[in-house]
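Visitor: mind looking at a prediction? Sequence and model below.
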Number of protein chains: 2
Amino acid sequence: MNIPKSNLPRVVIIGGGFAGINLAKTLANKNLQVVLIDKHNYHTFQPLLYQVSSSGLEPDSIAYPLRKIIKKHKTSFFRLAEVEQILPEEKQVLTSIGNIPYDYLVIATGTKTNYFGNKSIKTNSMPMKTVPQALNIRSLILQNFEKAAIADSKKEREAFLNFVIVGAGPTGVELAGAIAELKNNILPRDYRDLNPSDMHIHLLEGADRVLPPMSLHASKKSAKFLKALGVKVHCNTFVKDYDGLTVTTNSDLVMQSETLIWAAGVTGAPVGGLTADILQGNANRYHVNAYNQIEGYDDIFAIGDIALMISNTYPKGHPQVAQPAIQQGKLLGKNLLRLIDNKPLKPFVYRDKGSMATIGRNKAVVDLKRYKFGGFFAWFIWMFVHLMSLVGFRNRIIVLFNWTYNYINFDKAARLIIRPFKK
Amino acid sequence: MNIPKSNLPRVVIIGGGFAGINLAKTLANKNLQVVLIDKHNYHTFQPLLYQVSSSGLEPDSIAYPLRKIIKKHKTSFFRLAEVEQILPEEKQVLTSIGNIPYDYLVIATGTKTNYFGNKSIKTNSMPMKTVPQALNIRSLILQNFEKAAIADSKKEREAFLNFVIVGAGPTGVELAGAIAELKNNILPRDYRDLNPSDMHIHLLEGADRVLPPMSLHASKKSAKFLKALGVKVHCNTFVKDYDGLTVTTNSDLVMQSETLIWAAGVTGAPVGGLTADILQGNANRYHVNAYNQIEGYDDIFAIGDIALMISNTYPKGHPQVAQPAIQQGKLLGKNLLRLIDNKPLKPFVYRDKGSMATIGRNKAVVDLKRYKFGGFFAWFIWMFVHLMSLVGFRNRIIVLFNWTYNYINFDKAARLIIRPFKK
């Protein structure tokens, strides 16, 4: 894998998500050699994936080449590879491009979609964790619009126009809002051969309210916003099965739908090779101490969604969102520098900056420590925070322009079926 | 296929390229029902495809949803379908979504890549006629950069960094220039683990000069520009074979390359069902009269690249570029309206607006009837004409911003391997 030898200790980072890139940035041009490994050659800004799915943004505005992120880091290297296993005894990572030795290893692999063991749902539903998956959803939505236009029967047409989203966390809520906007704004203009009232968006949630991780205030507000957009919310509802057409649930709700988007949960994406008892159940996260060290290893760390750091304040670990990942990435960077300088490490303390979700134009909910609010101002804050969190000046401008254009024109302009999705 | 019945005569247009959309626009809201059929749901601005291949632009900036083009045309419909055959006796088009009856049929299917019967080249080379093909090239270039970074031997590395482009028409010349910019500007910064001098761009042309359809002045200028960028031009050179690694030619030039881009020629993409003798040899174009009527049919027309209209000025037909397609689409629209009003048709007269090609930043060549020039001013004209020819205000702004950003930063920012290309 041809990484230049150096006298500097080598940190290998697996994963270029929020945790991984913030760690890499903190270690830029320091007395460490950094090797960043990812199976994609870009960082994905996951909070806006749903806008790719719903034709609002193109991938280049939310994805950013990892090599561009580290281009000014003189002792850093990127490798496009899939990690197969860790060999902790030999201090090596076994990858698709060969073994990569490390002095310190950081696992920042995040999460993957959790189907809770249901194979039929896994086969037939659409996940939305990566750019290709988001593009698959975009293609499928647009293909189903085209198929609805030529459907022979009302029943067939309704199955093409019935969009079922499972899981009313921020991802599900935001996607439901965006698809409702396709119905309300795009169908009447660009699909005059379809009747918008034939299109339905169903949002299914196992808990008793939407946005269960947020405040009751946010749940109520967002349920109201979703209703105004025409989204049908079903709480206390689990999907039992989906064969590609029929959705069955724990209640008497049965639906016909060609499109089921699965945003119902995630599970850790651990790497093989470490002793198994450090992972727990469905969460599949590595137990780490306050310094993000994986239990039992001095030289292996886990940060972000894949790390489970239990504290009095967070007995179930930190929420699997961007902020803990960013903060852990930055702190671990500083701690690794302290480590090679033989200085004591600093424990991680999570600074909760609040959470938010948007539900269509002009509407969002924001939970801060002291204030909870919703509506236009929340939506403005949501836009500003997301715009500023994007990597790269160019991406910010492109997103800002697209948002402005889409806002003024009630449009979503990237409605392209580039690679048709085949079920 | 559920197109509302109407008392208006129906025009079916096959193909949403330059010819098809200009015809559809001319027929907007007139006393005709228009059905536009395409196998993609978007119009492709082919002259800028090479910028998608070379990571300069994302597809959404050069592709435009066909439904958006006709959204204000109240008697027009779009259908996503592949045309299988024409049934001229029954006045129907047989498609993947069923039979579509017509009163007037317009074939605007354009061209496809011509491999001149070489199966091995067809299997192993990369064509660049569609957005998915351009994205495949983008992925392959970036994948080969990554593979070069981990190559075991110099020989292996050089095959990954050897880019062979066959055909020095505008497409080949412009792509060669853009790939040379990746070498000159991106490799030194973002691929510090590669040596830019290991990368080579070869442009092969069967004729004795680059840009054979343009003036001698343009050929000389562009050859000079290509040389300055580091592109190695080989004239009088045909590729004899390519097995995915070894390129053999009619001369003693033999190269090892993982990437061979085939821009050496096109052939018509006719539709089955019309009597075969109206097509000719390699060109595969429909013989049409001065009204773009296909010989032997009153109600079937061909426009654009697929039409062969022989005149004294153009004894081999019009050049297969955007302008004849646009002008024929517009005129046929007016003629169809005259036809239903029982007015005499007007014959097509091509107004040659000139031709141009760009070769990297600040450099282009322009051939007008009276003036031939190259350099910075030509480049500026090239940009202006291409920007203004794009469909849609949003696309123009996005392209303008990306060009400005890339120009200032010597960057090509869409370097994303979203769907890895598998040989």
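Guide: Happy to help now that I have it. Numbering: from 1, shown residues only, chains lettered A, B, ... in the order given.

Visitor: got any ranges where chain A has weak pLDDT?
Guide: Within chain A, the ranges that satisfy pLDDT under 70 run A:1, A:276-282.

Visitor: how does it look with 90?
Guide: Low-confidence segments of chain A (pLDDT under 90): A:1-6, A:272-283, A:295-296, A:423.

Visitor: how about the helices in it?
Guide: For chain A, the helices defined by DSSP state H cover A:18-26, A:49-53, A:66-69, A:119-124, A:131-149, A:154-160, A:170-181, A:187-190, A:216-229, A:322-340, A:376-389, A:393-409.

Visitor: quick one, what contacts the residue nearest in space to the middle of chain A?
Guide: Compute the mean C-alpha point of chain A, and by CA atoms, centre = their mean the closest residue is A:Gln46, 3.9 Å away. Contact analysis of A:Gln46 by CB atoms under 8 Å, 6 or more residues apart in numbering or on different chains lists A:Gly17, A:Lys129, A:Ala322. (Glycine included, C-beta is placed from N, CA and C.)

Visitor: one more: A:Glu58?
Guide: A:Val52, A:Asn402, A:Ala414, B:Glu58, B:Pro59, B:Asp60, B:Ser61.

Visitor: show me the contacts for the closest residue to the third one other than its chain neighbours.
Guide: Take A:Ala414 and drop its neighbours on the chain: the residue closest to it by CB to CB, 6 or more residues apart in numbering or on different chains is B:Asp60, 4.3 Å away. The neighbours of B:Asp60, taking CB under 8 Å, 6+ apart as the test, are A:Glu58, A:Ala413, A:Ala414, A:Leu416, B:Asn395, B:Ile398.

Visitor: okay, now A:Leu8: neighbour count?
Guide: 14 (other CB atoms under 10 Å in any protein chain shown).

Visitor: show the contacting residues for it.
Guide: Per CB under 8 Å, 6+ apart, neighbours of A:Leu8: A:Asn31, A:Leu32, A:Gln33, A:Thr75.

Visitor: please indicate which of those residues are buried?
Guide: A:Leu32, A:Gln33, A:Thr75 (16 or more other CB atoms under 10 Å in any protein chain shown).

Visitor: contact partners for the last one?
Guide: By that I understand A:Thr75. By CB under 8 Å, 6+ apart, A:Thr75 lies in contact with A:Ser6, A:Leu8, A:Asn29, A:Lys30, A:Leu32, A:Gln33, A:Val34.

Visitor: thinking again about what came up before, now the two most distant members of the contacts of A:Leu8.
Guide: A:Asn31 and A:Gln33 (9.0 Å; CB to CB).

Visitor: common neighbours of those two, please.
Guide: Joint contacts of A:Asn31 and A:Gln33 (CB under 8 Å, 6+ apart) are A:Leu8, A:Pro9.

Visitor: looking at the buried ones among the contacts of A:Leu8, which are in strands?
Guide: Secondary structure from DSSP state E places A:Gln33 of those in strands.

Visitor: ok, so of the buried ones among the contacts of A:Leu8, who is nearest chain B?
Guide: The shortest gap between chain B and any of these belongs to A:Thr75, at 10.2 Å (CB to the nearest CB).

Visitor: tell me how far the closest one lies from A:Arg67.
Guide: Distance of A:Thr75 to A:Arg67, given as CB to CB, to the nearest Å: 15 Å.

Visitor: swap in A:Ala302?
Guide: Counting by CB to CB - A:Ala302 and A:Arg67 are separated by 24 Å.

Visitor: more neighbours: those two, which one.
Guide: More crowded of A:Ala302 and A:Arg67, by other CB under 10 Å: A:Ala302, with 33 against 25.

Visitor: show me the contacts for the residue lying closest to the more buried one once chain neighbours are set aside.
Guide: What sits nearest to A:Ala302 in space, not counting adjacent residues and going by CB to CB, 6+ apart, is A:Tyr286, at 4.0 Å. By CB under 8 Å, 6+ apart, the residues touching A:Tyr286 are A:Ile107, A:Gly268, A:Pro270, A:Leu274, A:Ile278, A:Leu279, A:Ile294, A:Glu295, A:Ala302, A:Ile306, A:Ala307, A:Leu308.

Visitor: only the buried members of those: can you turn that into a ChimeraX selection?
Guide: The ChimeraX command for the buried members of those (criterion: 16+ other CB under 10 Å) is given here:
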select /A:107,268,270,274,278,279,294,302,306,307,308
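
Visitor: and the contacts of B:Asp60, which two are the farthest apart?
Guide: Across those (CB to CB), the longest gap, 13.3 Å, separates A:Leu416 and B:Ile398.

Visitor: sorry, back to before: would you format the contacts of B:Asp60 as JSON lines with distance to A:Gln92 included?
Guide: Output for these, formatted as JSON lines (distance: CB to CB, whole Å):
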{"residue": "A:Glu58", "distance to A:Gln92": "38"}
{"residue": "A:Ala413", "distance to A:Gln92": "47"}
{"residue": "A:Ala414", "distance to A:Gln92": "42"}
{"residue": "A:Leu416", "distance to A:Gln92": "43"}
{"residue": "B:Asn395", "distance to A:Gln92": "48"}
{"residue": "B:Ile398", "distance to A:Gln92": "45"}
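
Visitor: from those, pick the one nearest A:Leu339.
Guide: A:Glu58 (41.1 Å).

Visitor: need the phi and psi values for the closest one.
Guide: The phi and psi values for A:Glu58, taken as degrees, to the nearest 10, are phi -90, psi 160.

Visitor: thinking again about what came up before, now, which of the contacts of A:Gln46 sits nearest B:Leu187?
Guide: Using CB to CB, the contacts of A:Gln46 come closest to B:Leu187 at A:Gly17, 26.2 Å.

Visitor: picking that back up, ranking the contacts of A:Glu58 by neighbours, who comes first?
Guide: B:Ser61 (29 neighbours).

Visitor: look up how far B:Val321 lies from that one.
Guide: The gap separating B:Ser61 from B:Val321 is 21 Å, by CB to CB.

Visitor: try A:Lys346
Guide: 65 Å.

Visitor: look at these two and report which has more neighbours.
Guide: B:Val321 (19 against 12).

Visitor: okay, buried residues for stretch A:340-359 please.
Guide: Neighbour-count burial for stretch A:340-359 flags A:Leu345, A:Phe348, A:Asp352, A:Gly354, A:Ser355, A:Met356, A:Ala357, A:Thr358, A:Ile359 (criterion: 16+ other CB under 10 Å).

Visitor: contacts only, for the first one.
Guide: What it means is A:Leu345. A:Tyr291, A:Asn335, A:Arg338, A:Leu339.

Visitor: name the nearest residue to the last one, sequence neighbours excluded.
Guide: Once flanking residues are discounted, A:Leu339 sits nearest to A:Leu345: 6.6 Å by CB to CB, 6+ apart.

Visitor: same question for the third one.
Guide: Sequence neighbours aside, A:Leu345 is the residue nearest to A:Arg338 in space, at 5.7 Å (criterion: CB to CB, 6+ apart).

Visitor: how close does A:Asn162 sit to chain B?
Guide: To chain B, A:Asn162 is 18 Å away according to CB to the nearest CB, to the nearest Å.

Visitor: show the contacting residues for the residue nearest to that residue when sequence neighbours are not counted.
Guide: The shortest distance from A:Asn162 to any non-neighbouring residue, by CB to CB, 6+ apart, is to A:Ser257 (4.0 Å). When contacts are counted by CB under 8 Å, 6+ apart, A:Ser257 touches A:Ala159, A:Asn162, A:Phe163, A:Val164, A:His202, A:Leu245, A:Val247.

Visitor: could you count how many residues lie near the nearest residue to A:Ala149 once chain neighbours are set aside?
Guide: Leaving aside its sequence neighbours, A:Ala149 sits nearest to A:Asp193 (CB to CB, 6+ apart; 4.8 Å). Neighbour count for A:Asp193, taken as other CB under 10 Å: 18.

Visitor: state the phi and psi torsions of A:Asp193.
Guide: Dihedral angles (degrees, to the nearest 10) for A:Asp193: phi -90, psi 10.
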